[in-house]
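Visitor: Pasting the sequence and the predicted model now:
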Number of protein chains: 2
Amino acid sequence: MQDTHISLAHGNGGRFMRELIEELFARYLRNPLLDVQTDAACLPWSAHEIVMSTDGFTVQPLEFPGGDIGSLAVHGTVNDLAVSGAIPRYLSLNAFIEEGLEVALLERIVQSLAQAAQDAGVAVVAGDTKVLRRGEGGGIYLATTGVGVKTAQVELGLSSIHAGDKVLVSGSVGDHGIAVMLAREQFGLRGDLASDSACVLPLCKAIWDMPGVHFMRDPTRGGLATVLHEVAQSTGFGVRLQQTAIPIHDPVQSVCDMLGYDPLFLACEGRVLAVVAAEQAEAALDAWRTLPQGKEAALVGEVINTQTQVSLVTALGGERLLEELEDEPLPRIC
Amino acid sequence: MQDTHISLAHGNGGRFMRELIEELFARYLRNPLLDVQTDAACLPWSAHEIVMSTDGFTVQPLEFPGGDIGSLAVHGTVNDLAVSGAIPRYLSLNAFIEEGLEVALLERIVQSLAQAAQDAGVAVVAGDTKVLRRGEGGGIYLATTGVGVKTAQVELGLSSIHAGDKVLVSGSVGDHGIAVMLAREQFGLRGDLASDSACVLPLCKAIWDMPGVHFMRDPTRGGLATVLHEVAQSTGFGVRLQQTAIPIHDPVQSVCDMLGYDPLFLACEGRVLAVVAAEQAEAALDAWRTLPQGKEAALVGEVINTQTQVSLVTALGGERLLEELEDEPLPRIC
């Protein structure tokens, strides 16, 4: 592409749009199933079910330590399939690009997206771009829809959860939220924190055939506490977390203490929360800890047969309720 | 929902977002396959192929005579599957909603989207909402991804096109473009024009098993001329249109004459362009004309064995080239 910045003409269906698609998007996303000359991709399929998931991405800034909106757009949707017990196969991509976006930045984002898709074993098979007038977008918004094959043998879901089940997390919480916030520089803080943005398929695969695994979820928007509120509201059980057991990196905790955030409500983009029968919890933890992404996996709480609430047993032994999220702690975090 | 306008809290993963999803989106989109409590939908499938397509929608204004961004978001993606010879089954939906959007307007859009999906026989099975800060969106942007079953018996595609094939359109061109433009009121013009936005599945089904049908496409962004440029560039053939044969409604032509637009470059959202073997062209036209949507179907040109170009034989018998679109005639038309 000759242009250095996106203009409205890149969105009109004509020559400039064709160049944008062919010379930028297709260059990185090329695969045997992607045909930029058709409106729909025809894809082989052999299973009796398809698993489908979708997610939108508006993170600001577009690049941050540990990732960018491109890799995030792959991880977000691929992870939703993985925690549902499915192996991701195909991905569609929508890009809403603001007039004036630097083409070099767009190229880095698409390149990163392509790499993340390749790493996750998923092919981008359909796409669409729209150009938004200057001032009507935030640089770029992405949406991805994933199609996968149900592979897990066990029945995963909120309805499989029992009182007495243990709550596991695959790694530290809050890294993504704090890394993105620091990247905004609006607080004048600096740190060597990186987002946890990653594909969680290996973590899910490692435990999804264990008989006691009842539920998995990636704690993104609203964080760990928000997923557990969903668990509580849906099952009618309570969830009790042990504060000292929850892995939180020191710099994340420091920034949270300084600015008044609670890391339990901050987005993770590469972690899995699992609810597992008590007698299988150690085996699941062991399986996670053999993986590079699961070294800090921990048993952080349990499902209890009490009223519907999420509570935290503090380091001092007190117990406090974690309220459902109402305010927006960090807008445009994913 | 108690709120009258969308706030950032509707996007944070907490209680307000849950209310938005449950009390607005799910209320209209409810179907047995949509579970708002899971991140992925598990769907029955019996074919050996899936056909996948995606589209983004940024039309301004959000409501216009003959449609709105909600129904358009269904038609756009469903039509891409239909012209590929597939019956649409499942749809995912992404909504990027700007802070401050009136909830009543959002509700009308979702209701219209749900009705269009029901009419097209497609189930919305996965969705995601993000809220954009005031000034970083255009009210609402939508993206949909569709999954369908390949059904057409014939091989449809640019590579099936031969010199001598006829070019058919299922109805008048330019209605959507001009209807949206007039709805903006920026030209102080008024008309009783309506968008042609519609599901074209019945039109496609009516001809997709005819042996001479080589290619179908819905002429959206960039209009009829832009699709024909794709045909020319991909096949190496030329395309010659007959101006007097192209159905254009009088008010569309008048507005175009007045403002200097060419209706051949304006978006349609409910028309089909088909390239059909000469000996089958009349049969295909007859099949279309029996349908309410196809009454104005016409044979408008032919594929010719000459240099790669798109030309128009005018009413006076002259021939002029239709250049590939470069400027943006009407931004945010779809």
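Guide: Sure thing, it's come through.
Visitor: Strands of the stretch 201-334 of chain A, start to end?
Guide: Assigned by DSSP state E, counting those that start in this stretch, the strands in the stretch 201-334 of chain A fall at A:213-217, A:238-242, A:273-276, A:298-304, A:310-313, A:319-321.
Visitor: nope, the stretch 51-200 of chain A is what I was after
Guide: Using DSSP E, counting those that start in this stretch, strands in the stretch 51-200 of chain A cover A:63-64, A:67-68, A:86-98, A:123-132, A:140-150, A:166-169.
Visitor: Please identify the buried residues of the last one?
Guide: Pointing back at strand A:166-169 there. Across strand A:166-169, burial judged by 16 or more other Cβ atoms under 10 Å in any protein chain shown covers A:166-169. To be clear about C-beta, it is placed using only N, CA and C from the backbone, and glycine gets the same treatment.
Visitor: partners of it, with directions?
Guide: strand A:273-276 (antiparallel), strand A:298-304 (antiparallel) (DSSP bridges).
Visitor: Write out the residues of the stretch 151-300 of chain A neighbouring chain B.
Guide: A:157-158, A:217-218, A:220-223, A:226, A:230, A:234, A:267 (Cβ under 8 Å from any Cβ of the partner chain).
Visitor: out of those residues, which are buried?
Guide: The neighbour count (16+ other Cβ under 10 Å) marks A:157-158, A:217-218, A:220-223, A:226, A:230, A:267 as buried among those.
Visitor: which other residues reach stretch A:32-44?
Guide: With Cβ atoms under 8 Å, 6 or more residues apart in numbering or on different chains as the test, stretch A:32-44 has contacts from A:21-22, A:25-26, A:89-90, A:123-127, B:48-53, B:80-81, B:83-84, B:86, B:146, B:148, B:150, B:157-158, B:217-218, B:230, B:234.
Visitor: Can you tell me, leaving aside adjacent residues, what's nearest to A:Pro42?
Guide: Small correction: residue A:42 is Cys, not Pro. B:Val51 (5.2 Å; Cβ to Cβ, 6 or more residues apart in numbering or on different chains).
Visitor: who are the neighbours in contact with A:Asp3?
Guide: Per Cβ under 8 Å, 6+ apart, neighbours of A:Asp3: A:10, A:16, A:103.
Visitor: Now with 10 Å, please.
Guide: A:9-10, A:16, A:19-20, A:103 (Cβ atoms under 10 Å, 6 or more residues apart in numbering or on different chains).
Visitor: Name the member of the residues you listed with the most neighbours.
Guide: A:His10 (27 neighbours; other Cβ atoms under 10 Å in any protein chain shown).
Visitor: For it, list the residues it contacts.
Guide: A:1, A:3, A:16-21, A:24, A:97, A:99, A:101, A:103, A:106, A:129-131, B:328.
Visitor: Where helices are concerned, which of those residues count?
Guide: A:16-20, A:103, A:106 (DSSP state H).
Visitor: Now narrow these to whatever sits close to chain B.
Guide: A:16-18 (Cβ under 10 Å from any Cβ of the partner chain).
Visitor: Can you tell me which of those residues is nearest chain B?
Guide: Ranked by distance to chain B (Cβ to the nearest Cβ), these are led by A:Phe16 at 6.6 Å.
Visitor: How about that closest one: what's its closest non-neighbour residue?
Guide: In space, A:Phe16 is closest to A:Ala9, 4.3 Å off (Cβ to Cβ, 6+ apart).
Visitor: what secondary structure does the nearest residue to A:Leu20 once chain neighbours are set aside sit in?
Guide: In this structure, A:Leu20 finds its nearest non-sequential neighbour in A:His10, 4.8 Å apart by Cβ to Cβ, 6+ apart. Following DSSP: H, G, I helix; E, B strand; the rest coil, the label given to A:His10 is helix.
Visitor: hang on, isn't A:Val252 packed against A:Val180?
Guide: No - A:Val252 lies out of contact with A:Val180 (Cβ atoms under 10 Å); the separation is 11.9 Å.
Visitor: Need the overlap of contacts for those two.
Guide: Common neighbours of A:Val252 and A:Val180 (Cβ under 10 Å, 6+ apart) are A:193, A:266.
Visitor: Which one's more surrounded, those two?
Guide: The neighbour comparison of A:Val252 against A:Val180 (other Cβ under 10 Å) goes to A:Val180, with 27 against 23.
Visitor: Distance of that one relative to A:Phe265?
Guide: Going from A:Val180 to A:Phe265 by Cβ to Cβ, to the nearest Å gives 14 Å.
Visitor: With A:Arg15 instead?
Guide: 47 Å.
Visitor: The two: which has the busier surroundings?
Guide: Between A:Arg15 and A:Phe265, A:Phe265 has the larger neighbour count (other Cβ under 10 Å), namely 27 against 17.
Visitor: can you pull the contacts of that one?
Guide: By Cβ under 10 Å, 6+ apart, the residues touching A:Phe265 are A:173-174, A:177, A:219, A:221-226, A:256, A:322-325, A:327, A:329-330, B:12-14.
Visitor: Which ChimeraX command selects the buried ones in these?
Guide: Buried members of these can be picked out in ChimeraX with the line below, counting by 16+ other Cβ under 10 Å:
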select /A:173,174,177,219,221,222,223,224,225,226,256,322,324,325,329,330 /B:12,13,14
